[in-house]
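K.L.:
no sequence on hand, only this structure:
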């Protein structure tokens, strides 16, 4: 079961298995808005891995939608402006929710004003959760795109600002290249199941406030573990990539 910190209260909210709507609130087309969409995408993946049906709602500008496609961020459910036992509102830190698909006074409400803290005011359901995302900083628009940028944005907790400098992007590119080459080699070995402690560590990480850094740490540990067969390493990385969306199996057969 997913536990996610509600930015309105600072307390964890338990998201039980039920239809859940993830609503990404974006208006601009800068890297900070892109990070909001990415967090919404990862949230939807976590919920689906836990067996919950998900509706992802967003209405980004066309330029941002194009960049989101490049990062492998799933498109919005075009007709899903309502529905969902829980609604997770994903929004940039310090931003307010505009009209969007819910409308400021509609079913999802606005996270500002007196009703936001209590969850009982007009236009606010006590099943709404606000998920805040820190901004992206950097000297200029990053030239890096695709899964390298996706990993760079995932390597910091969502409430911590990300600086997209040359070091961060180079580290992400090097990590992706190393992992993809390793996965391609492991794929040639006999398949082995994911060790249960590893599977549980992954699930514990992403269900605990979507701790992507802990997921990445598990992958690093598995890569260096002497007692994990290569076939199990492959299955572990392929399983974790259902959350990460980094195309870690992309190099399989590339050199054949």
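P.N.:
Thanks, I have it. All figures in this text were calculated on a predicted structure; none of them were measured in a lab.
K.L.:
contacting residues for residue 150?
P.N.:
By CB atoms under 8 Å, 6 or more residues apart in numbering, residue 150 lies in contact with 38, 71, 72, 245, 246. For every residue, glycine as well, the C-beta is placed using N, CA and C.
K.L.:
and if we set it to 10 Å?
P.N.:
Neighbouring residues of residue 150 by CB atoms under 10 Å, 6 or more residues apart in numbering: 34, 38, 41-42, 70-73, 144, 172, 176, 244-247.
K.L.:
return the member of the residues you listed nearest to residue 153.
P.N.:
Taking CB to CB as the measure, residue 38 is the one of those closest to residue 153, at 5.6 Å.
K.L.:
quickly note the distance from that closest one to residue 198.
P.N.:
Per CB to CB, to the nearest Å, residue 38 is found 25 Å from residue 198.
K.L.:
pLDDT-wise, what's the bottom of the contacts of residue 150?
P.N.:
Among these, residue 144 has the lowest pLDDT, at 79.
K.L.:
between the contacts of residue 150, which is closest to residue 11?
P.N.:
Within the contacts of residue 150, proximity to residue 11 (CB to CB) peaks at residue 42, which comes in at 21.0 Å.
K.L.:
returning to what we had before: out of the contacts of residue 150, which two sit at the greatest distance?
P.N.:
Taking CB to CB as the measure, the contacts of residue 150 span a maximum distance of 18.9 Å, between 42 and 144.
K.L.:
higher neighbour count, those two?
P.N.:
More crowded of residue 42 and residue 144, by other CB atoms under 10 Å: residue 42, with 24 against 18.
K.L.:
just checking, residue 17 touches residue 46?
P.N.:
No - the pair residue 17 and residue 46 fails to qualify as a contact (CB atoms under 10 Å) at a distance of 11.9 Å.
K.L.:
joint contacts of these two?
P.N.:
Common contact partners of residue 17 and residue 46 (CB under 10 Å, 6+ apart): 2, 52.
K.L.:
the more surrounded of these two?
P.N.:
Neighbour totals were compared for residue 17 and residue 46, and residue 46 leads with 22 against 13 (other CB under 10 Å).
K.L.:
tell me the contacts of that one?
P.N.:
Contacts for residue 46 (CB under 10 Å, 6+ apart) come out as 2, 4, 15, 22, 52, 54, 203, 206-207, 210, 212, 242-243.
K.L.:
do the same with residue 200
P.N.:
Residues near residue 200 by CB under 10 Å, 6+ apart: 194, 218.
K.L.:
ok, it to residue 210 distance?
P.N.:
For residue 200, the distance to residue 210 equals 17 Å [CB to CB].
K.L.:
what is the burial count for the closest residue to residue 231 other than its chain neighbours?
P.N.:
Closest residue in space to residue 231, ignoring its immediate chain neighbours: residue 192 at 3.7 Å, by CB to CB, 6 or more residues apart in numbering. For residue 192, the neighbour count with other CB under 10 Å is 16.
K.L.:
and residue 192, backbone torsions?
P.N.:
Residue 192 adopts backbone torsions of phi -140, psi 150, taken as degrees, to the nearest 10.
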